[in-house]
Structure formats: C-alpha cells, structure tokens
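> generate coordinates for the sequence data below:
(one chain, ligands or ions: 1)
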Amino acid sequence: MAHHTNVLSFVMAGGEGSRLRPLTANNCKPAVPFGSGHRIVDFVLSNLVNSNVLANYLLVQYKSQSLEAHVQRVWQAGGQVPKRCVTVVPPRSGQVFQGTADAVYQNIDLIRRHKPDVVAVFGADHIYRMDVQQMIDFHQRSGADATVAALPVRLDECHQFGIVETDGEQRITDFREKPKTSSPMPGSTSHALASMGNYIFNADVLLAALERAAGTGATDFGKDILPAMVRTHHLAAYDFTTNEIPGVAGFEELGYWRDVGTIDAYFEAHLDTLGAQPRFSMANPHWPIHGADPTAAETAQCHAMQSVVGTGCSLADGASLERSVLRSGVVVERGAQLERCIVMDRARIGSGARLRGVIVDQDNEVPANECIGFDAERDRQRFQVTDSGVVVVPAGFFAPRPVVVQPARNLLPSLPFLRPKRGTAGEGVGGLGMAV
Ligand SMILES: Nc1ncnc2c1ncn2[C@@H]1O[C@H](COP(=O)(O)OP(=O)(O)O[C@H]2O[C@H](CO)[C@@H](O)[C@H](O)[C@H]2O)[C@@H](O)[C@H]1O
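Okay, here's the model as predicted:
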C-alpha cells in the first residue's frame, strides 16, 4: 500500500525570483523570509516531512547561501524534524540547471541509487499545507504514470500557470504551459484547472523521460516534459481541493494555496495569516510549519492588534502595531506606528515614525518621524511601489549608523597603514547591500 511506497523527492529551489526584487537581492526566492520566523521553503519541506517523505533533495543555484544556512540549522541538525531529512544540492562546478527537468536530470544518479517507487518533484515557492501521501495514494489508485497536483484558478490568471484539461475522470488530455488564453473547466464559467508545479512520477517513467529529453533542448517539466507526456503516457490530475489536513479551522480558506511570486502576492499572503480568524493559520499543531525558532511561538510572540512579533523584538512605550509582521530582533521605538507592515530581521523603526503598507528589508534604521506609505508621489521618488501601493524599503536604504572605532590619533601620522578606511568596525554593517 501507499504508506510503504518508497518516495524520493526533488524540491526545485533554483528559481531566481526576479519579480520579488528587491527582496531577492541577497536571497533566492525560497529563502525569502515569511511570517515572523519562517522562510518560503519551509512550507514545501514541512509538507513533505509531515507526510513522512524523509529523503528530500533541495536543488539550488542562485544566491543559495542564506538558504543553505537555514536548511542546515532547521532541516539537517535535527530537533524539530528528523535529522538530515533534507540535502542541499547545487549544480556541479561550471554547470547550471537549465530548467526544472534539467536540474533533476543532472541528479539522475540519486534516483538510480535510492531506487524509489515514485519520485516527487515539487516547487519551493508556495504558501500552503498539503498531505503529499494523499496525492501519492491517488496516483497509485488511478494507475497513472505521472500525476500533477491541480487546483482551479481564475481565467485571467491562467497565463501564469500550466493549464490542464481532463476527460472529467481526472485523466489529463491536454497540458499547456502559460497559455495566453484558456477556456473554463467543465462546470465553471470563471476558472480553469492549473498545475501547482507539484508532480509524482513513477520512477521508471521519469528515468526514461529524462533520458529521452537529454540533449534535445527539453529542459523544463512545464514547458517540455509534461506537454509531451500527455500524448504518450497516462497523466492524472490530483484535485488539491480534496486534500485533507487535520486541525484546519472552519474560518480558514479551504485549499489555501498562494504562489508568492510577486511583492503584492507576497504581501497579501502575510495579511492572510493575521488576526483571530486568519485565512491561513500559521499555528496548526497538527500540521506544523517547521523552521521558525521554537521560542518565537511560545514566549515572545504576541498577536496584539492582529500582528505577529518574532523572537527578541522590542517595542517601546506607545509604539503601535496593526496587521503587521515583525521578524526577529526588530526594535520599534517610542510612539512609532506600523500599519500593514512587514519588518525584516533586526531592522529598527525610529521614534514617531509612521509606516503604512510597507515592507522594510534588513539592515535599515528608519529615522525618527519618517513617514512612508502616506504620500504615493514622494514614496515613488524614493522607493519601489507596487501596483497595489505596497512600498518596499530595500536592504540598507536607511543604513544603520556604523560603529566607529576611535583610532589612537597620535599614532596615525606615523603609521598610515593603520588608518581605518571609513571605520573598520562599521564596514561589516554598513557594507551590506549598499547599492541603493
Ligand atoms: N533551473 C532551475 N533549477 C532548479 N529549480 C528551478 C529552476 N528554475 C526554476 N526552479 C524552481 O522550480 C519551480 C518552478 O519555477 P519555474 O520558474 O520553472 O516555473 P513557474 O513557477 O513559472 O511555473 C511552474 O509552477 C507553476 C505553479 O506555480 C505551474 O503552474 C507551472 O506549470 C510550472 O511550470 C520554482 O520552485 C523555482 O524556484
């Protein structure tokens, strides 16, 4: 039965995340922070590990340093999750992953070595809960060669997704990657069935498909492999809306799933997690999202005024928070007001500052009485502002004051080589992400 199925997973974490700029200036997309203590990659990894899939390979390439450090701390050290349940795999030196299928092809030896029954190929960029075992059960029951997880999306969003058509019995009859237009799915006038970028393959089918594709320029599952497989194989669509997660509250959105590929989608998904009756609750003990510092949830976190506050934050008298997320070590000085804001680790908000609809990235000390999010014209002159008016203060914009090491003045003239270049100690702090 499915629970004894040997599963190997590849999690695709090599995306550049260009539409999340400037948040991806120092992080790849899966490493971008989410909520008060997580990173985006924690959702897919929690889903796999909670589903008892314990052999997971995370395929990385761009700006993967912060991702690797995070995976090492949370997913390899043991503690919250079984030890070494995730292995990070960058391309071999001098190589790049040309696309998702090429990334798996370059690691085909892992499939040969593990000899799994099925291979799960999952994206790393989404906010959701999913019991992967239920998808594997469905895959095996339907007798498919490969199964694509799918859910309805609005027709005007179809150009962002792989769109599947089925015969009504969950067998895929057509797969088109990001089509300009789509027709609605049966029984709907407004929605079509989209691929979530999560696939289950029978291992032998995947091996053969990758070998066949190699050298033909077919490098991507969505663009090349799946559309071709529809004609030669039995492909099934797994209906994500039937996936059942324990502990989901009645007020939450059924089948919550968000592609946080743009700043607006990323910002909205944060708001979805806030309040007493969130659309998506971060605190479900039956299906935990691992990755945050455990003390964050227990001791330092408070939900006052529909906000979350990460570990080691400090809020001065009269500071006010509304529908906001503070990550760890954030300082909000006296009288500062934050409304609908995401403040990244260790940023400081000066006294009396007023921020509304703002993402403050790391390495910022917002000056006292600064005002952002109230004057769109002025904001646009200084910052990136999204279509829905979210302002992004990039890392290092309000550079923290460097720590100046006082040189021993009387020694300097005779020992010029000791003269600190613009404050030695400040270099590490002030030197980060200073391009803006
Ligand atoms: N060269 C590479 N090496 C390793 N990892 C890489 C990679 N390039 C991208 N990735 C990762 O693979 C996943 C898919 O990203 P892609 O950019 O390939 O496709 P996209 O998300 O646009 O569409 C996909 O996901 C949507 C759902 O969001 C589907 O509808 C659509 O059919 C599907 O192609 C992401 O997690 C990304 O980080």
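> how near is residue 365 to the ligand?
32 Å (Cβ to the nearest ligand atom, to the nearest Å). For glycine as for every other residue, the C-beta is placed from the backbone atoms N, C-alpha and C.
> my guess is that residue contacts residue 351. True?
No - the pair residue 365 / residue 351 is not scored as a contact, 11.5 Å apart, by Cβ atoms under 8 Å.
> neighbour count winner among these two?
Using other Cβ atoms under 10 Å as the criterion, residue 365 and residue 351 rank with residue 365 on top: 19 against 16.
> for the more buried one, grab phi and psi.
Main-chain torsions, residue 365, degrees, to the nearest 10: phi -120, psi 100.
> please list all residues in contact with it.
Going by Cβ atoms under 8 Å, 6 or more residues apart in numbering, residue 365 touches 347, 348, 350, 398, 399, 400, 401.
> most neighbours, which of those?
Result: residue 347 is most packed of those (other Cβ under 10 Å), 24 neighbours.
> what's the pLDDT at that residue?
pLDDT recorded at residue 347 is 96.
> and it, what are its phi and psi?
phi -70, psi 160.
> flag every residue of the stretch 101-250 of the chain that's near the ligand.
Contact residues (Cβ under 6 Å from any ligand atom) of the stretch 101-250 of the chain with the ligand: 103, 123, 124, 125, 161, 162, 177, 194, 195, 196, 197, 222.
> residue contacts, the spatially closest residue to residue 219 that is not a sequence neighbour?
Distance criterion Cβ to Cβ, 6 or more residues apart in numbering; nearest residue to residue 219, sequence neighbours excluded, is residue 99 at 3.4 Å. Neighbouring residues of residue 99 by Cβ under 8 Å, 6+ apart: 219, 220, 221, 223, 224.
> my read: the third one touches residue 121, true?
Yes - with the criterion set as Cβ under 8 Å, residue 221 and residue 121 qualify as a contacting pair; they are 6.6 Å apart.
> more crowded one of these two?
More crowded of residue 221 and residue 121, by other Cβ under 10 Å: residue 221, with 32 against 23.
> and that one, how close does it get to residue 127?
21 Å (Cβ to Cβ, to the nearest Å).
> before we move on, what SS does the nearest residue to residue 384 once chain neighbours are set aside have?
Of all residues beyond its chain neighbours, the one nearest residue 384 is residue 392 (4.8 Å), with distances taken as Cβ to Cβ, 6+ apart. Assigned by DSSP: H, G, I helix; E, B strand; the rest coil, the conformation of residue 392 is strand.
> what sits against residue 392?
Contacts of residue 392 (Cβ under 8 Å, 6+ apart): 22, 23, 263, 358, 359, 361, 383, 384, 385, 386.
> so what's the residue count around the third one?
Just to be clear, that refers to residue 263. Neighbour number of residue 263 under other Cβ under 10 Å is 22.
> got it, and the first one?
If you count neighbours by other Cβ under 10 Å, residue 22 ends up with 19.
> follow-up on the earlier one: by neighbours, which of the contacts of residue 99 wins?
The member of these that has the most neighbours, counting by other Cβ under 10 Å, is residue 221 with 32 neighbours.
> can you report phi and psi for that one?
The phi/psi pair for residue 221 (degrees, to the nearest 10) reads phi -60, psi -50.
> again with the one 3 residues further on
In terms of degrees, to the nearest 10, the main-chain angles of residue 224 are phi -120, psi -60.
> look up the closest residue to it, ignoring the ones flanking it.
Closest to residue 224 by Cβ to Cβ, 6+ apart is residue 218, at 3.6 Å.
> which residues touch the one you found?
For residue 218, the contact set (Cβ under 8 Å, 6+ apart) comprises 101, 224, 225, 228.
> any idea how far it lies from the ligand?
Look at residue 218 and the ligand: by Cβ to the nearest ligand atom, they are 13 Å apart.
> how about residue 96?
Counting by Cβ to the nearest ligand atom, the gap from residue 96 to the ligand is 7 Å.
> same thing with residue 375?
For residue 375 relative to the ligand (Cβ to the nearest ligand atom), the value is 35 Å.
> show the model's pLDDT score for that residue.
pLDDT recorded at residue 375 is 95.
> now residue 309
Confidence at residue 309, expressed as pLDDT, is 90.
> do the same with the one 4 residues further on
At residue 313 the predicted local distance difference test score is 90.
> reformat the contacts of residue 365 as a markdown table; add secondary structure and distance to residue 150.
Below are the contacts of residue 365 laid out as a markdown table (DSSP: H, G, I helix; E, B strand; the rest coil; distance: Cβ to Cβ, whole Å):
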| residue | secondary structure | distance to residue 150 |
| --- | --- | --- |
| 347 | coil | 39 |
| 348 | strand | 44 |
| 350 | coil | 47 |
| 398 | coil | 44 |
| 399 | coil | 46 |
| 400 | coil | 46 |
| 401 | coil | 51 |
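> now find how far off-centre stretch 224-242 is within its chain.
Computed by Cα atoms, centre = their mean, to the nearest Å, the chain-centroid distance of stretch 224-242 equals 25 Å.
> where does the nearest residue to residue 147 once chain neighbours are set aside sit: helix, strand or coil?
Spatial nearest neighbour of residue 147, excluding adjacent residues (Cβ to Cβ, 6+ apart): residue 139 at 4.0 Å. Three-state assignment for residue 139 (three-state DSSP): helix.
> give me the local confidence score for residue 139.
Looking at residue 139, its pLDDT stands at 98.
> got it, and residue 300?
Value for residue 300, per-residue pLDDT: 40.
> ok so, going back, in this structure the residue nearest to residue 147 contacts residue 199, no?
No - under the criterion of Cβ under 8 Å, residue 139 makes no contact with residue 199, lying 9.5 Å away.
> backbone dihedrals for residue 286, please?
According to degrees, to the nearest 10, residue 286 has phi -80, psi -20.
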